[in-house]
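Enquirer: Take this sequence and fold it.
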Amino acid sequence: MEAALESPDVHTPHAHPPGHGGGGLPRWLELTLAISALVTSVASIALAVKHGDTMEKLVVANSFPYMQGGFSDMTPDGRDVLSLDLLNRGVGPAHETSLFVTVDGHYVRSSEELITASIGPGKSGHGPGQLATLKNSVPTRFIPGGQQQFVLSIAKTADNAANWDLLQKAQPRMSTEFCYCSVFHECWRVVEKELDPVPVKACVRDEKREFTP
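Expert: Numbering: from 1, shown residues only. Got it, this is the predicted structure:
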């Protein structure tokens, strides 16, 4: 006798009740979960962008220089020294790239020209009665936050007192203008008799007028 062949079992898939998705959840719940996930993702991205923007502004703020400069005729300890100094009162470093000095509105390019324009020729140098100048003659200066650099200084001595007094009296006729940039290439122009630095696109040197003591 031949054995009867058994037919394979065929499983009929269960039909989902109306209104249910393939996972067994109601479609409205699946849609709600999907929208919630999307909203959460978008919110996370927005927060990350906002945080990045805030951190960038914080870095810039912590790198912000604020330069001042000009002539003075006395040191903090009371010594008679006519000097030209640049002071960075900000927190970030400043790159000073251009410096102009005028006497009576006319540009001078060296300490010798400054003295000549102020009190007449033949008064600068190291001879008897002459005004010897201590110079910082680099063309540009990098000044860290909270620090300063001198450009020139002329100390009063017993020998040069008469000429030094004349130079001190001429100080109100002297004026400075300089330009500096931050490490992020934001730049400002400073005029000695104006209150605040003025933003500019870039610092441009004018070699025919630059002051190099």
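Enquirer: Could you pull out the strands in this protein for me?
Expert: According to DSSP state E, the chain carries its strands in the segments 67-72, 81-88, 94-103, 106-108, 134-135, 141-143, 148-155, 174-181, 187-191, 198-200.
Enquirer: could you give the angle of the second one to strand 94-103?
Expert: What it means is strand 81-88. Orientation check (axes from the mean of the first three to the mean of the last three CA atoms, to 10 degrees): strand 81-88 against strand 94-103 gives 140 degrees.
Enquirer: my guess is residue 102 meets residue 192, correct?
Expert: No. Assessed by CB atoms under 8 Å, residue 102 is found out of contact with residue 192, at 9.6 Å. Every C-beta, even on glycine, is put in place using the N, C-alpha and C of the backbone.
Enquirer: Identify the contacts common to these two.
Expert: 175-177 (CB atoms under 8 Å, 6 or more residues apart in numbering).
Enquirer: mind giving me CSV with the residues you listed and columns for neighbour count and pLDDT?
Expert: CSV is the format used below for the shared contacts of residue 102 and residue 192 (neighbours: other CB atoms under 10 Å; pLDDT from 0 to 100):
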residue, neighbour count, pLDDT
175, 16, 96
176, 20, 97
177, 19, 97
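Enquirer: In TSV: those, plus distance to residue 33.
Expert: Listed next are the shared contacts of residue 102 and residue 192 as TSV, based on distance: CB to CB, whole Å:
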residue	distance to residue 33
175	71
176	68
177	65
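Enquirer: Could you single out the nearest of those residues to residue 116?
Expert: In terms of CB to CB, no member of the shared contacts of residue 102 and residue 192 lies closer to residue 116 than residue 175, at 16.5 Å.
Enquirer: Mind jotting down where the helices sit in the chain?
Expert: 27-61, 111-119, 161-169 (DSSP state H).
Enquirer: which parts of the last one are buried?
Expert: This means helix 161-169. 163-164, 167-168 (16 or more other CB atoms under 10 Å).
Enquirer: Name the nearest of those residues relative to residue 208.
Expert: Looking across those and measuring by CB to CB, the closest to residue 208 is residue 167, at 25.0 Å.
Enquirer: right, and the closest one touches residue 120 too?
Expert: No. Applying CB under 8 Å, one finds residue 167 not in contact with residue 120, separated by 10.4 Å.
Enquirer: what residues are up against residue 133?
Expert: 111, 115, 124, 152-154, 213.
Enquirer: Make CSV from the residues you listed and add neighbour count, distance to residue 35 and pLDDT to it.
Expert: What follows is these, written out as CSV (neighbours: other CB atoms under 10 Å; distance: CB to CB, whole Å; pLDDT from 0 to 100):
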residue, neighbour count, distance to residue 35, pLDDT
111, 24, 74, 97
115, 26, 78, 98
124, 21, 80, 93
152, 21, 70, 97
153, 19, 71, 97
154, 25, 76, 97
213, 22, 70, 94
